[in-house]
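1. fold the following for me, if possible:
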Amino acid sequence: MRSRSVVLGAALLLSLSACDNRAEAAKEGEALPPVGLAEEPAASAGGACILWDYAFIKSKIGVTFDVAASGQADETSTCVVQTVGQDWPDLALSVVESTQAGAALFLSDLKPKNAATLKGLGLAAYRLNTAASGGHGPTVEIGWLSEAKQLQTLRFTFAKDAKAADVTAMNNNLLTLAKAMDTTNG
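-> Numbering: from 1, shown residues only. Modelled structure (predicted):
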């Protein structure tokens, strides 16, 4: 027990000494190294975030994110990425692990009413643009039935001050991201 107290006492003295040295350096005008938070990779959030890293997202849609959160409900995994200190923009991904739905059923029952059918992504796909509401800007959503029989959805939500040209560009950028993420059986 005594050795444990000695070790704890020594650690306390060293930490106090380090604080005193920082305080003295600040008084003398010495530059202190910046203190920052370590950025965790998006994949470390688990869930559908394991499919992403921030550099990959930026290379596909041109937006930088630095924080991720995930969730899981039954066979659906989700991931949302944002920038620290800002509610929008954000990018959300949901993945339903497997489905028996075919392309016709996906387009007739799972595609939202006002969505446009997309070609060249999975077995069937759609894109839905919605107007700004609830404090955020417009959204661009792409959903698809992958060849591996997964239901995947990407949804980009803009900040309230988004420009129409940015929304138009995101239609193509989000499709590029979806194509890069599309899973196959092989």
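
2. residue 154 reaches residue 81, doesn't it?
-> No: counting by Cβ atoms under 8 Å, residue 154 stays clear of residue 81, with 11.0 Å between them. Every C-beta, even on glycine, is put in place using the N, C-alpha and C of the backbone.

3. which of the two has more neighbours?
-> residue 81 (24 against 20; other Cβ atoms under 10 Å).

4. shared neighbours of residue 154 and residue 81, which are they?
-> residue 91 (Cβ atoms under 8 Å, 6 or more residues apart in numbering).

5. so where does the residue minimising distance to the centre of the chain fall, helix or strand?
-> When Cα atoms, centre = their mean is applied to the chain, the residue found nearest the centroid is residue 81 (2.4 Å). Assessed by DSSP states H and E, residue 81 sits inside strand 76-82.

6. OK, contacts around residue 94?
-> 48, 76-78, 151-153 are the contacts of residue 94 under Cβ under 8 Å, 6+ apart.

7. redo that, cut-off 6 Å
-> 76, 78, 153 (Cβ atoms under 6 Å, 6 or more residues apart in numbering).

8. over to it: give its phi and psi.
-> Dihedral angles of residue 94 (phi, psi; degrees, to the nearest 10) stand at phi -130, psi 140.

9. show me what secondary structure element comes after the worst-scoring helix or strand of the chain on mean pLDDT.
-> Using mean pLDDT, DSSP states H and E, the weakest-scoring helix or strand in the chain turns out to be helix 2-27, at a mean of 39. As assigned by DSSP H and E, the chain's next helix or strand after helix 2-27 is helix 54-61.
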